[in-house]
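Visitor: sequence first, predicted coordinates after that:
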Amino acid sequence: MPDPSEKPRVSVVVVNYNGKHFLSDCFSSVFSQTYSPFDVIMVDNASHDGSVDFVRDHFPQVTVLVNEANMGFAGGTNVGIQRSTGEFILTLNNDTRIDPTFLQEIIRPVIEDPSVGMCASKMTFPDGWINSTGICISRSGAAWDRGMFEPDKGQYNRIEEVFGPCAGAALYRKAMLDQIGLFDEDFFLFMEDVDLAFRARLSGWKCIYVPSARVVHKHGGTAGFKSDISIYYGNRNLLWYVVKNFPKRMLIEYLPWIIGRNVGVIPYYFMEGKGKIIIKAKIDAVRDIRKMMLKGKQSQIKGSEHNIRKWMHLWSRIGSPEHVADKI
């Protein structure tokens, strides 16, 4: 019989792609934690900037796994999870720095309540403005980080249930992942955490936001802010997660909003000089809609519509990024 006083192990999984300049801050903060036991896995997605040698030289306690090709956040994280030994998995972006009490705080809800499968942290930009306090969704399929680009005035300092966590600094119950599956590697980058949160919600799992689990996130450190890669995968995957996860009745009911949103963003990106990449994203999204719908049909739990509908917003509520665009 396990000792009930023994604390559960957390496996910290960090995916890296040419992020050597972030790794010292990231791993130094991880190894300053007040909580134990934990282990750390870095999955390197075929970097060519010396990241692997740097970590092996300066942080030998990190288990380094090297992929021969860039598998994206989804594939890279899955490699780390598959090699993990913890009862809980912390997914952590390489351009983050967590508070010393981060693990101690974020693990409490999953220990206290077996129905909690995910925990969201309080993520802020380096200037202190909010990056994420959990994931929000709307009937159009838009998904965004709650509170993003808002000044932190304490408005998100309450422990509460949210739809799902931003995987940039999120805790997942390994037993939940064993049940619902890992990140969808077809997504490669962006919205993979929304897809996973959907599958968890459809299976009855809860997510708790823990404001005392604080992390500073430089945001866009690997993919870039408003870069072609972020525009492409963000917009392609937004349609994919909708057709894959929205329960059938909701998909039909919200179809005008879904179509309107996906078509409506095209002129905006043309005005931003990103017309070619947004058209490619939407064409590729439509091309594989059937594949995503078949995936969703295989994973959805009947009678789970209530677990999704109660989290739906009418429209996205996100502030302006202009005050941080030149800092990240």
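Guide: Received, thanks. Numbering: from 1, shown residues only.
Visitor: would you check that residue 140 makes contact with residue 260?
Guide: Yes - the pair residue 140 / residue 260 is scored as a contact, 6.7 Å apart, by Cβ atoms under 8 Å. All C-beta spots, glycine's among them, are computed from the backbone N, C-alpha and C.
Visitor: who has more neighbours, these two?
Guide: More crowded of residue 140 and residue 260, by other Cβ atoms under 10 Å: residue 140, with 22 against 12.
Visitor: lowest confidence element among the helices and strands of this protein?
Guide: helix 322-325 (a mean of 44; mean pLDDT, DSSP states H and E).
Visitor: give me the local confidence score for residue 70.
Guide: The per-residue pLDDT reported for residue 70 equals 96.
Visitor: report the buried residues of stretch 244-251.
Guide: Of all the residues in stretch 244-251, those buried under the rule 16 or more other Cβ atoms under 10 Å are 244, 245, 246, 247, 250, 251.
Visitor: try stretch 102-109
Guide: The neighbour-count check on stretch 102-109 (16+ other Cβ under 10 Å) flags 102, 103, 104, 105, 106, 107, 108, 109 as buried.
Visitor: which helix or which strand is home to the fourth one?
Guide: Using DSSP states H and E, the secondary-structure element containing residue 105 is helix 102-106.
Visitor: give the other helices and strands that that helix contacts.
Guide: Packed against helix 102-106 by the contact rule (3 or more Cβ pairs under 8 Å, 6 or more residues apart in numbering; DSSP states H and E) you find strand 116-124, strand 206-217.
Visitor: can you tell me which of those strands is most buried?
Guide: Mean neighbours per residue, mean count of other Cβ atoms under 10 Å, is largest over these for strand 116-124, with a mean of 26.
Visitor: note down every partner strand of it and its orientation.
Guide: Strand pairing for strand 116-124, using DSSP bridges, gives strand 130-132 (antiparallel), strand 169-173 (antiparallel), strand 206-217 (parallel).
Visitor: of those strands, which is nearest residue 62?
Guide: Among the strands paired with strand 116-124, strand 169-173 comes nearest to residue 62, with 17.3 Å by Cβ to Cβ.
Visitor: what segments of the protein are helices?
Guide: Per DSSP state H, the chain carries helices over the ranges 20-30, 51-58, 72-82, 102-106, 108-112, 174-180, 192-202, 228-245, 248-253, 255-271, 275-287, 289-299, 306-309, 322-325.
Visitor: adding distance to residue 94, write those out as TSV.
Guide: Converted to TSV, the helices of the chain look like this (distance: least, Cβ to Cβ, whole Å):
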stretch	distance to residue 94
helix 20-30	5
helix 51-58	9
helix 72-82	10
helix 102-106	15
helix 108-112	24
helix 174-180	21
helix 192-202	16
helix 228-245	16
helix 248-253	35
helix 255-271	28
helix 275-287	24
helix 289-299	28
helix 306-309	31
helix 322-325	19
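Visitor: for residue 44, find the nearest of the ones you listed.
Guide: Set against residue 44 and scored by Cβ to Cβ, these come closest in helix 51-58, at 5.2 Å.
Visitor: among the buried residues of stretch 244-251, which pair sits farthest apart?
Guide: That would be 244 and 250, which, of these, are the farthest apart (Cβ to Cβ) at 12.6 Å.
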